[in-house]
Structure formats: structure tokens, C-alpha cells
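Chemist: sequence and computational prediction follow.
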Number of protein chains: 2
Amino acid sequence: MAQAEADRFERISAPPAYQLVAEAIEREIVSGRIPPDTPIGTEADLAKQFGVNRSTVREGIRCLEQSGLIRREPSRRLVASVPRHAKLATRVSRALILHQVSFRELYEAIDMLERNAIELAVTHRTGDDLDALSDNLARTRAALDDPERMADLDTEFHTLIARASGNRVLQLAREPVSLLIYPATQPIFEQVPEAADRLLAAHEKLFDALSGRNMDAARLWMRRHVADFGKGFRRTGRSLEDPVDRVPLDSVFQTRGEL
Amino acid sequence: MAQAEADRFERISAPPAYQLVAEAIEREIVSGRIPPDTPIGTEADLAKQFGVNRSTVREGIRCLEQSGLIRREPSRRLVASVPRHAKLATRVSRALILHQVSFRELYEAIDMLERNAIELAVTHRTGDDLDALSDNLARTRAALDDPERMADLDTEFHTLIARASGNRVLQLAREPVSLLIYPATQPIFEQVPEAADRLLAAHEKLFDALSGRNMDAARLWMRRHVADFGKGFRRTGRSLEDPVDRVPLDSVFQTRGEL
DNA sequence: CACGTCGGTTTGTCCGACAACCCGATCTTA
DNA sequence: TAAGATCGGGTTGTCGGACAAACCGACGTG
């Protein structure tokens, strides 16, 4: 037990070659020396440059592909890439699930994110944002009896508001939360009769507030809207202390997606 | 350009085998059928089970390793794992860098996150949280003349507050922002003489507010503190509209080495 | 110009191999 | 007997080579 002189030396380690390959390419891309959409060489090419076997290069590339720094064109050529939001969101969501985050934590986060999103949107929203929201409202009015579509449209509405905020950090932070809360919304529309109408009313008020750049109204209605969600959630018989659902998220391997 | 009948068919695709392998294992882990720290078989084992070559299994495993669902023990055996926050934060930070997010976006996010963190912390903080914060304050008082240590201690202080909030979603959302803002803080202490003192004063007030569960004081001082940061930032001569620095983030592999 | 053919490239997958390493079991030796 | 040294099997990291399928680009034909 007399572990004399512990911790004097660092754990000695020789990173495997595929990691070194990945890190080397990673550095070039993150630093900007390889701008997005620049073609990287072929696998054989890279193998020659790094002086390692093609299998080794492939393992390194798989890592970068996975983290979104490299993408395969339809032609399968490798090009540098900017990680897509959707992929990151999926990952963060999965982590939160595995950490068994509670609905309370999620609800608090939503409360924070949506209130800030609407505030920023009041000042930054453009005409295009209003058009998109207006379109969403129209479809919502036609879907009041369809819980599944209502859940979708609600998610879309709030995503559009986040976009209107003009803040991409906020958008990115919101996405995983949105993914996790989604499956809890549909049951609300199924079990709480007035939920759909109240939601539509709130969305319309929020739209008007954004349209008229009325900060007070925006704050007020977002607050009510979020609170409404909380009440609806409880009326489905669930506790805020439950861990979030193990949603069947899209696998990280989907490559299509915007932004 | 008479693109008649576009989009009628889905893009046909056959996912490569290594992806199928990865997705299969991913599903088992995310669904909870393979709990954390459960050993996965050996590579040869998996190759046999899936009926593919070991190389193929290796590529699939690399992907999962990369996304944190699988970890290699010191013994190098594979075990299921819960993605660690630090790794995710690094990734999100990189994405934000590559998207050339502006300091304004970052600042707005910080404002939102810190204000909510302190509010939640007022009600949820424990004695341990106070102890950790108090320890941080002591070290801060001894580091007023050392810009680098001040930057570190400031980051630590706010991380501790986030922890005291008891909300892991908030913590996780905060981390990437914290990583990105960090390199901008040190220059403030170097160029703004009163920055260190003001920061310490604010931290002490925040500590007192938490200690006495005084919500109003907590809100007030966090607001001032964040505003102070904004002012300090501008006094370093930078514009809020600049894109964030291309920080040399730790690689997602926490190893160092040349190639 | 539209269309079909054809050869070179590149990827995805497989096979077999081997050194380095880890672990547990066995053997030495004080 | 117990600490320490040794050994062998199991695994990973890496290598070399191989091949079918898909893709690309050029060419030839109508």
C-alpha cells in the first residue's frame, strides 16, 4: 500500500496511428487551412502521404466522418465539411438520455431557451421569418384534431422562432432539448381536449407580438405558453422527476439535413 | 431546366456493412439493453456474430468509440459507455467555430445561461456547492495579478454555479460556450486594470446571494457581472460582430502526439 | 447532341499475417 | 509461503495484398 512517489510520472502512452492520422487532418480543417468543401485526397493518397496502410487511414477517416469534419460526396470523394446541427443535436440528446436527465431539467431548459428566443426574435425577426411562421400557423389551424401533426407543427413553430432569433448558439442549444421533449407532446394533445386550441391561440399571439415587435406581449405569451405545456404534461399523469423517454432517435448516420 | 417529375423517387441507397454493425450496437446501447460498463465482445467475436470481417467491425467500432457510446478500458477491452460531457462540449465548440458564430451570439447565450444558472442555483445549491465556491474565491483573491489564473478561476466559478443549479441540461449547454469564451477573457484582465477587482467583488456578492438564498441579489449581481464582461470585452478593442476565435481546442482524442 | 460502350479509379470488404501488449497461470526463489 | 520472475494464450494495432462493385471520364456512333 505504501505507494511512494505516486503520480510522479505521466501515464506513458503512444497514440495509435489511426488517431494521429485523424488528428492531423482534424487540425488542418479546424484551423481553417483546409476550408470547407475542399476535396481531401483519396484513401490510397493519404496512406501514401502518412506512410501508413490504407486500413489505418480508413479508421482515422471514419472518426472524422463521424464527427462531421469530413463528408463523402455522392461521388464518394472525401471533402472537408462543417458539422451539421442535426447530427450534433442527436448526439447531445442521446447523451442526455443516457444520463437519465429528468423532465424537470428539460422543462427548466425549455423555459429558459424559449423565453430568450422570443426576446431576441422580437428585435431580429425578418419578413421571411414572419412568412414562415404564418405558413406554420395556417397548417396548424388545419390540424387541430390530429395530435401527431400538432406535435410536429409545434416543434416547427418553435424552431422557426429560434431561427428568427438570429442566434445560432441558441438554435444549437435548443435542438437537443426539442428532440427530447417532442415525444412527450403528442400525448398531451391526445389527453387534454383544450390543448390544441390553447396552443394555437398562444402561437397566434406570439406571431402578432413578433409582427408588431411588441416585447411585452411576446414575453407574456411565451411564458404562458411554456407554463401551459408544463400543466399539460402533468395532466398526462407523468411526474417531472421521471427520467426522459428513451426516444428512438435517428441514428447519427443520416447525412441529409439543412443548416 | 424542365426538370419533370423530380423527387419522385427516394435516393436509393444500401448502407455499407460497417454502418449496419455500428447502428446495431448503437441501438442496443441507447435502448438500454446493454447497460453502461458492460463489456462488449472482442473484435473477432463481433466479426463472427455479424458475419463480417474484423476490419469491417473495427470501422464500425471506431464510429461508436468516437461518439462516446463505446470506450476502451485500460485493458483495451470494449465496454459500453455514457458519452462524457467534455467530449460533447468540444465537438459543439468546434462546430460553432466552423460556423463562424459571432461574439454577439456567444454573449447573448452567456447572458441567458448564466442568469438562469444563478436563479436555479439559489434554490438548489447545497452546502458542498458553497464550499467549492468558497474555495474558488480564496484562490481568486490570491491570483488577482495573474491574468491566466484569473481566467481559469472565473471559468471554474461559473462552472461551479452551473453545477449548483442541479440542472444537467443547463450544464451541458453551458460548456461549449464557456470553452469558446475562455480565450477572450484573459486579455481583459491584461488590458483592463480594474477587471480583476470587479470580478472578485461580483463573485463574492454572488456567493453571498447564494449562501443567503437571496434571489434578487443573485439576479442583480449576475446581470452586472455579465454586463461587465461585455464592457471589458469591448475595451480590448474587439467587436461583438467578429467571429469567435479559432481556439486550439483539445482534440476529441485526449492524447497528444506527433505524426 | 443524345446515347451506349469501355477502361481506369476508388471504395467497401475480405483474407491472412505478425509484433506488441495484456492478463492470468505457473514457476523460482528468498 | 509469499514476493517476484517467467511464460503462453488471447487481443489489438497494423500491415500487405486482393477483388467486386460503383463511379468517372473519354470515346465512338447514330
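Modeler: In hand now; what should we look at?

Chemist: OK, now which residue of the stretch 151-259 of chain A is nearest to chain B?
Modeler: A:Val169 (4.0 Å; CB to the nearest CB). Glycine gets a C-beta too; all of them are placed from N, C-alpha and C.

Chemist: list the contacts of the nearest residue to that residue once chain neighbours are set aside.
Modeler: In this structure, A:Val169 finds its nearest non-sequential neighbour in B:Ala109, 4.0 Å apart by CB to CB, 6 or more residues apart in numbering or on different chains. Counting by CB atoms under 8 Å, 6 or more residues apart in numbering or on different chains, B:Ala109 touches A:167, A:169-170, A:173, B:177.

Chemist: and with 10 Å instead?
Modeler: The contact partners of B:Ala109, by CB atoms under 10 Å, 6 or more residues apart in numbering or on different chains, come to A:113, A:116, A:167-170, A:172-173, B:96, B:101, B:173-174, B:176-177, B:180-181.

Chemist: and A:Val192, by the same measure?
Modeler: A:198-199, A:228, A:231-236.

Chemist: which two of the residues you listed have the greatest separation?
Modeler: A:Leu199 and A:Arg234 (16.0 Å; CB to CB).

Chemist: neighbour count winner among those two?
Modeler: Between A:Leu199 and A:Arg234, counted using other CB atoms under 10 Å in any protein chain shown, A:Leu199 has the larger neighbour count: 25 against 14.

Chemist: my hunch is that the more buried one is in a helix, does that hold up?
Modeler: Yes. With DSSP: H, G, I helix; E, B strand; the rest coil as the criterion, A:Leu199 is part of a helix.

Chemist: check contacts around it.
Modeler: Taking CB under 10 Å, 6+ apart as the contact definition, A:Leu199 lies against A:140, A:144, A:150-151, A:153-154, A:157, A:185, A:188-189, A:192, A:225, A:228-229, A:232.

Chemist: ok, now A:Ala218?
Modeler: A:115, A:117-119, A:121-122, A:125, A:161, A:205-210, A:212 are the contacts of A:Ala218 under CB under 10 Å, 6+ apart.

Chemist: please pick the buried ones from these.
Modeler: Buried by 16 or more other CB atoms under 10 Å in any protein chain shown: A:115, A:117-119, A:121-122, A:125, A:161, A:205-207, A:209-210, out of the contacts of A:Ala218.

Chemist: widest-spaced pair of these?
Modeler: Pairwise distances across the buried ones among the contacts of A:Ala218 peak at 16.4 Å for A:Arg115 and A:Phe207 (criterion: CB to CB).

Chemist: just the buried residues from the contacts of A:Val192, in ChimeraX please.
Modeler: Command for ChimeraX, covering only those of the contacts of A:Val192 found buried under the criterion 16+ other CB under 10 Å:
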select /A:198,199,228,232,233,236
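
Chemist: closest to A:Arg54 out of the contacts of A:Val192?
Modeler: Ranked by distance to A:Arg54 (CB to CB), the contacts of A:Val192 are led by A:Phe233 at 52.3 Å.

Chemist: isn't the closest one right next to A:Phe189, touching?
Modeler: No. With contact defined as CB atoms under 10 Å, A:Phe233 does not reach A:Phe189; the gap is 11.7 Å.

Chemist: what do these two both touch?
Modeler: Joint contacts of A:Phe233 and A:Phe189 (CB under 10 Å, 6+ apart) do not exist.

Chemist: I'd like the average pLDDT over the helix or strand where A:Leu170 lies.
Modeler: Using DSSP states H and E, A:Leu170 falls within helix A:168-191. Helix A:168-191 carries an average pLDDT of 95.

Chemist: which strands and helices lie in contact with that helix?
Modeler: helix A:85-98, helix A:103-124, helix A:147-164, helix A:195-211, helix A:215-235, helix B:85-98, helix B:103-124, helix B:168-191 (3 or more CB pairs under 10 Å, 6 or more residues apart in numbering or on different chains; DSSP states H and E).

Chemist: just the angle between the first one and helix B:168-191, please?
Modeler: Spelled out, that is helix A:85-98. Relative orientation of helix A:85-98 versus helix B:168-191 (axes from the mean of the first three to the mean of the last three CA atoms, to 10 degrees): 120 degrees.

Chemist: export helix A:85-98 as PDB, just CAs?
Modeler: Output of helix A:85-98 as PDB, limited to C-alpha atoms (Å, rounded to 0.1, in the frame of the first residue of the first chain):
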ATOM      1  CA  HIS A  85     -26.500  20.900 -36.400                       C
ATOM      2  CA  ALA A  86     -28.900  18.000 -36.700                       C
ATOM      3  CA  LYS A  87     -26.200  15.400 -36.100                       C
ATOM      4  CA  LEU A  88     -24.800  17.200 -33.100                       C
ATOM      5  CA  ALA A  89     -28.300  17.600 -31.600                       C
ATOM      6  CA  THR A  90     -28.900  13.900 -32.000                       C
ATOM      7  CA  ARG A  91     -25.700  13.200 -30.100                       C
ATOM      8  CA  VAL A  92     -26.400  15.500 -27.300                       C
ATOM      9  CA  SER A  93     -29.900  14.100 -27.000                       C
ATOM     10  CA  ARG A  94     -28.500  10.600 -26.700                       C
ATOM     11  CA  ALA A  95     -26.100  11.700 -24.000                       C
ATOM     12  CA  LEU A  96     -28.900  13.300 -22.000                       C
ATOM     13  CA  ILE A  97     -31.000  10.200 -22.300                       C
ATOM     14  CA  LEU A  98     -28.100   8.000 -21.100                       C
END
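
Chemist: tell me where the model's unsure across chain A.
Modeler: Applying pLDDT under 70 to chain A flags residues A:1-12, A:248-259.

Chemist: that one against DNA strand D: which residues are in contact?
Modeler: Residues of chain A lying close to DNA strand D by CB under 7 Å from any atom of the strand are A:16-18, A:51-56, A:59, A:74-76.

Chemist: just the buried members of those residues?
Modeler: Buried among the residues of chain A next to DNA strand D (16+ other CB under 10 Å): A:17-18, A:52, A:56, A:59.

Chemist: could you dump those residues to TSV with secondary structure?
Modeler: Formatted as TSV, those follow (three-state DSSP):
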residue	secondary structure
A:Ala17	helix
A:Tyr18	helix
A:Val52	coil
A:Thr56	helix
A:Glu59	helix
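
Chemist: among the residues you listed, which pair sits farthest apart?
Modeler: Largest pairwise distance in those, by CB to CB, is 9.8 Å, between A:Val52 and A:Glu59.

Chemist: list residues touching both of those two?
Modeler: A:17-18, A:21.

Chemist: look up phi and psi at A:Ile70.
Modeler: When read as degrees, to the nearest 10, the backbone of A:Ile70 gives phi -130, psi 140.

Chemist: surely it and A:Arg58 touch.
Modeler: No. Applying CB under 10 Å, one finds A:Ile70 not in contact with A:Arg58, separated by 11.7 Å.

Chemist: closest to DNA strand D out of the buried ones among the contacts of A:Ala218?
Modeler: For the buried ones among the contacts of A:Ala218, the residue nearest DNA strand D by CB to the nearest atom of the strand is A:Ile161; the value is 39.1 Å.

Chemist: settle this for me: that closest one is touching A:Ser178, isn't it.
Modeler: No. Using CB under 10 Å as the test, A:Ile161 is too far from A:Ser178 to be in contact (11.1 Å).
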